[in-house]
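Undergrad: Just need the structure, nothing else, for what follows:
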Amino acid sequence: MKHNRWFVVFGALLIQVSLGAIYIYSVFKPALKEHFPAWSATDIALPAQILLALSALSMVAAGKIQDRIGPKKTSIIGAFILLLGMYVAAKAQTLAQFVFGFGVMGGIGIYTAYVCPIATCVKWFPDKRGLITGLAVAGFGAGGLVFAPLASYFIAHIGIMAALFYLGLVYFFAIIIGAQLMRVPPAGYCPAGWMAPAVGNNQKIDFTTKEMIQTRRFWILWLTYFIGCTAGLLVIMNLVNIWQSQAAAGFAKIAGIITGAQFSQILAQGILAVMSVSILNSLGRIVWGLISDKIGRERTLMTIFALCGIMLLILNGLNSFWSFVSVVAIIGFCFGGFLALYPAITADYFGSKNIGANYGLMFSAYGAGGLLGPWLAPKLMALGQIIPYETAGTAGKTIVKLFEIGDYSTSFIFAGLMCIAAALLVSRLKTKSL
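TA: Numbers count the residues shown, from 1 in each chain. This next block holds a predicted model:
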């Protein structure tokens, strides 16, 4: 029976929505701080850093595994590892236990499953690589939109630790269902009405991973991917905390204390910012992928890097919510483009035969960016003023706590300038000597 290739895309989206729930980690941060008050800001950032860093090892290994045993079985393996990791995190009593469950096991599980939809869709859609890789990873960006309100509801009603396990169950069943639609096309598959572009006699089509890393083009791609991921994850993984600081700074200019209603508003707006970035993150994967099919991958990447760099340079000090959310949403839109274009451009330059292993190695740039980006913002943050805020205590009494306003300007400037530099590097990709 002929398999409709669009079924693969549907399965890919279902898997990726669940895996993309990592982008709601900033929603967990305030609740984790309340549950573990001794943890510092960098302590709380560590699980997400480890999770993202492990994407490198997980993707390289999973890419090779799925090339051998198929995407369906590999996705299911990833689902089981992720569920077990969320269970361990939910039972954690120390930072080390939480990092092991959420960061180590969660990272291995997520990125074992993540490579399967991308590698599979690239093989089914050689005629629409930009669009289809955008669609394949769009669900990853939309994970925050779907799961941010659900996570917020769970945290409010059953607490942060139980919420982690119940979210893990939801992720598990969605991945298992999506995995049933994962299969590779038959050998020599070619979409109806499409012909592969002609290549010169001396032009190599399919590179092994060893051959790929011997090219300078690979290292330019890897470095620029690393920069884009560092910049995007710096904002996305610290989004709620950044907004709280910049909003609190705005209130501090006009009042000596933040009322309970105002602080509740700041918290609610933080969740809305996460959802907005998730929407644009997901949309960016589709839109930039489609644009790259029209004007070329290199030109599209240069545009994305330049736009992202400009937005980072103007982000600091925005304490009007709609100004803030507009800028971070554009950053999310650009970040989505990185995740869509790099699988496609890897296939463009190095072929689709070994795309699982090759993109797995390319994706190590995302892991390196995930290690640096979430850590960079709290590490470079300068402590500003401390402002009191009202919150509900026991028996309905109002109590006053202190909020530390952070200044993230140094990290924004650093990331913004790096994006501008990446745009210049991408312009060299067409050089024949590479």
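Undergrad: switch to C-alpha atoms for all contacts and neighbour counts from now on
TA: Fine.
Undergrad: ok, which stretches of the stretch 101-250 of the chain are strands?
TA: Taking DSSP state E, counting those that start in this stretch, the stretch 101-250 of the chain contains no strands at all.
Undergrad: pLDDT below threshold where in it?
TA: Across the stretch 101-250 of the chain, the ranges flagged by pLDDT under 70 are 141, 195-204.
Undergrad: where do the helices sit along it?
TA: Taking DSSP state H, counting those that start in this stretch, the helices of the stretch 101-250 of the chain run over residues 106-124, 129-158, 160-179, 209-212, 216-236, 239-254.
Undergrad: so which of those gets nearest G296?
TA: For G296, the closest of the helices of the stretch 101-250 of the chain is helix 129-158, at 9.2 Å, according to C-alpha to C-alpha.
Undergrad: In this structure, which helix is the longest?
TA: Longest helix in the chain by number of residues, with DSSP state H as the criterion: helix 260-295.
Undergrad: still on that earlier bit, can you redo the helices of the stretch 101-250 of the chain as JSON lines with mean neighbour count?
TA: JSON lines is the format used below for the helices of the stretch 101-250 of the chain (neighbours: other C-alpha atoms under 10 Å):
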{"stretch": "helix 106-124", "mean neighbour count": "29"}
{"stretch": "helix 129-158", "mean neighbour count": "24"}
{"stretch": "helix 160-179", "mean neighbour count": "20"}
{"stretch": "helix 209-212", "mean neighbour count": "15"}
{"stretch": "helix 216-236", "mean neighbour count": "23"}
{"stretch": "helix 239-254", "mean neighbour count": "21"}
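Undergrad: Could I get the average pLDDT for stretch 412-431?
TA: In this model, stretch 412-431 has a mean pLDDT of 94.
Undergrad: residues of it that come out buried?
TA: For stretch 412-431, the neighbour count (16 or more other C-alpha atoms under 10 Å) marks 412-423, 426, 429 as buried.
Undergrad: one step back: out of the helices of the stretch 101-250 of the chain, the one nearest L95 is which?
TA: With C-alpha to C-alpha as the criterion, L95 lies closest to helix 160-179 of the helices of the stretch 101-250 of the chain, at 13.0 Å.
Undergrad: angle of that closest one against helix 106-124?
TA: 20 degrees (axes from the mean of the first three to the mean of the last three C-alpha atoms, to 10 degrees).
Undergrad: Run through who's touching helix 160-179.
TA: By C-alpha atoms under 8 Å, 6 or more residues apart in numbering, the surrounding residues in contact with helix 160-179 are 10-16, 18-19, 28, 31-32, 35, 71-73, 75-76, 79-80, 82-83, 86-87, 89-91, 151, 154-155.
Undergrad: I'd like to know which of the helices of the stretch 101-250 of the chain is closest to I286.
TA: Closest to I286 of these is helix 129-158 (C-alpha to C-alpha; 4.3 Å).
Undergrad: Could you list every helix and strand that that closest one packs against?
TA: Helix 129-158 sits against helix 5-19, helix 25-35, helix 106-124, helix 160-179, helix 260-295, helix 321-350, with contacts defined as 3 or more C-alpha pairs under 8 Å, 6 or more residues apart in numbering; DSSP states H and E.
Undergrad: could you dump those to a markdown table with distance to G130?
TA: Output for the helices and strands packed on helix 129-158, formatted as a markdown table (distance: least, C-alpha to C-alpha, whole Å):
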| stretch | distance to G130 |
| --- | --- |
| helix 5-19 | 13 |
| helix 25-35 | 28 |
| helix 106-124 | 9 |
| helix 160-179 | 22 |
| helix 260-295 | 4 |
| helix 321-350 | 6 |
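Undergrad: between the ones you listed, which gets nearest to W194?
TA: The closest of these to W194 is helix 106-124. By C-alpha to C-alpha, the value is 12.1 Å.
Undergrad: So what's the gap between the closest one and the chain middle?
TA: Counting by C-alpha atoms, centre = their mean, to the nearest Å, helix 106-124 is centred 14 Å from the centre of its parent chain.
Undergrad: For that helix, C-alpha coordinates in PDB please.
TA: Extracted as PDB, the C-alpha positions of helix 106-124 are listed here (Å, rounded to 0.1, in the frame of the first residue of the first chain):
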ATOM      1  CA  GLY A 106      15.100  14.400  29.500                       C
ATOM      2  CA  GLY A 107      17.800  15.600  27.100                       C
ATOM      3  CA  ILE A 108      18.600  12.100  25.900                       C
ATOM      4  CA  GLY A 109      15.000  11.200  25.400                       C
ATOM      5  CA  ILE A 110      14.000  14.400  23.700                       C
ATOM      6  CA  TYR A 111      16.800  14.500  21.200                       C
ATOM      7  CA  THR A 112      16.700  10.700  20.500                       C
ATOM      8  CA  ALA A 113      13.200  11.300  19.200                       C
ATOM      9  CA  TYR A 114      13.800  14.700  17.700                       C
ATOM     10  CA  VAL A 115      16.100  13.600  14.900                       C
ATOM     11  CA  CYS A 116      13.600  11.100  13.500                       C
ATOM     12  CA  PRO A 117      10.900  13.400  12.000                       C
ATOM     13  CA  ILE A 118      13.600  15.700  10.500                       C
ATOM     14  CA  ALA A 119      15.600  13.000   8.800                       C
ATOM     15  CA  THR A 120      12.500  11.200   7.600                       C
ATOM     16  CA  CYS A 121      10.800  14.300   6.200                       C
ATOM     17  CA  VAL A 122      13.900  15.400   4.300                       C
ATOM     18  CA  LYS A 123      13.900  12.000   2.500                       C
ATOM     19  CA  TRP A 124      10.200  12.200   1.600                       C
END
